[in-house]
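>>> whatever this is, show me its structure:
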Amino acid sequence: MIGLEGEEIWYADFKNKKGVEPQPSFIDHITYPLYEQAVGDLQNCKQNLASVLSYLKNPPVKLDAPSSPMVYSRDDVELGEENTLICYVTGFYPAPVDFSWTKNGQNVTEGTSVNVPYPNKDASYNQFSSLVFTPKLGDVYSCSVTHLALDQPQTRFWDVEKTPPSIGPAVFCGLGLTVGLLGVATGTFFLIKGNECS
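Down below sits the predicted model:
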């Protein structure tokens, strides 16, 4: 995997035997002809790992459980408008975690994707899964995460709620109008007082 400033820009997909550039299609891609090198590096890592494990007499792997899943929408939710739900976990070791999604209690696989685990600075990993969905009032989604360090899956629910229209702009406009009228009244008062004294 090649990363830059916390983002993965290329990784070797050994199952499909190719290099993958996970960036969105609207940016310029840099082609990395590194897949063959990654295969060679993988073989070296396996040999080195086997030697180290043999020397250390196969110590048990320290398991770190993932954080509780965080589920959030990519964009502000508007009923009937396509959006993406993101399920994120961090702090786990070893990689990966397995994600599963449900909608109203039914398993969902269509429209889902999972990124490659990304290393944290403390040698743990973070990973996310996404689900493309069209919000409908009353729908309930869940994201479940399984990992070697967990006895049972961790699940987080997310439901589509009708969000009331924002009152912020109306309050801001009303407050601005009030302050403006007070300013005009104060200015008029001082103008009249100034004329009386002259």
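>>> ok, Pro94 touching Pro60?
No: counting by CB atoms under 8 Å, Pro94 stays clear of Pro60, with 11.9 Å between them. Placement of C-beta: from N, CA and C, glycine included.
>>> between the two, tell me which one has more neighbours.
A count of neighbours by other CB atoms under 10 Å puts Pro94 above the other of Pro94 and Pro60, at 15 against 5.
>>> surely Tyr125 meets Val116?
No: Tyr125 is not in contact with Val116 according to CB under 8 Å; the separation is 9.5 Å.
>>> name the residues contacting each of the two.
Contact criterion CB atoms under 8 Å, 6 or more residues apart in numbering; residues shared by Tyr125 and Val116: Pro96.
>>> any idea which helix or strand carries Ala50?
Here Ala50 sits within helix 35-55, counting by DSSP states H and E.
>>> list the buried residues for that helix?
Neighbour-count burial for helix 35-55, with 16 or more other CB atoms under 10 Å as criterion, is recorded at Tyr35, Ala38.
>>> mind giving me the packing neighbours of it?
strand 7-13, strand 18-20 (3 or more CB pairs under 8 Å, 6 or more residues apart in numbering; DSSP states H and E).
>>> follow-up on the earlier one: Tyr125 and Val116: who's more crowded?
Using other CB under 10 Å, the more surrounded residue of Tyr125 and Val116 is Tyr125, with 21 against 15.
>>> the residue lying closest to Ile2 once chain neighbours are set aside: neighbour count?
Excluding its sequence neighbours, the residue lying closest to Ile2 (CB to CB, 6 or more residues apart in numbering) is Trp10, at 4.4 Å. For Trp10, the count of nearby residues is 20 (other CB under 10 Å).
>>> so how far is Thr31 from Trp10?
Distance, Trp10 to Thr31, by CB to CB, to the nearest Å: 9 Å.
>>> isn't Val145 up against Thr90?
No: using CB under 8 Å as the test, Val145 is too far from Thr90 to be in contact (10.9 Å).
>>> so what touches the host helix or strand of Ser142?
Following DSSP H and E, one finds Ser142 within strand 140-146. Here strand 140-146 makes contact (CB under 8 Å, 6+ apart) with 66, 69, 71, 85, 87, 89, 97-105, 108, 129, 131, 133, 153-160.
>>> just the buried residues of these.
66, 69, 71, 85, 87, 89, 97, 99-103, 108, 129, 131, 133, 153-156, 158, 160.
>>> can I assume Thr186 sits in a strand?
No: Thr186 sits outside any strand when classified using DSSP: H, G, I helix; E, B strand; the rest coil, being helix.
>>> distance of it from His29?
61 Å.
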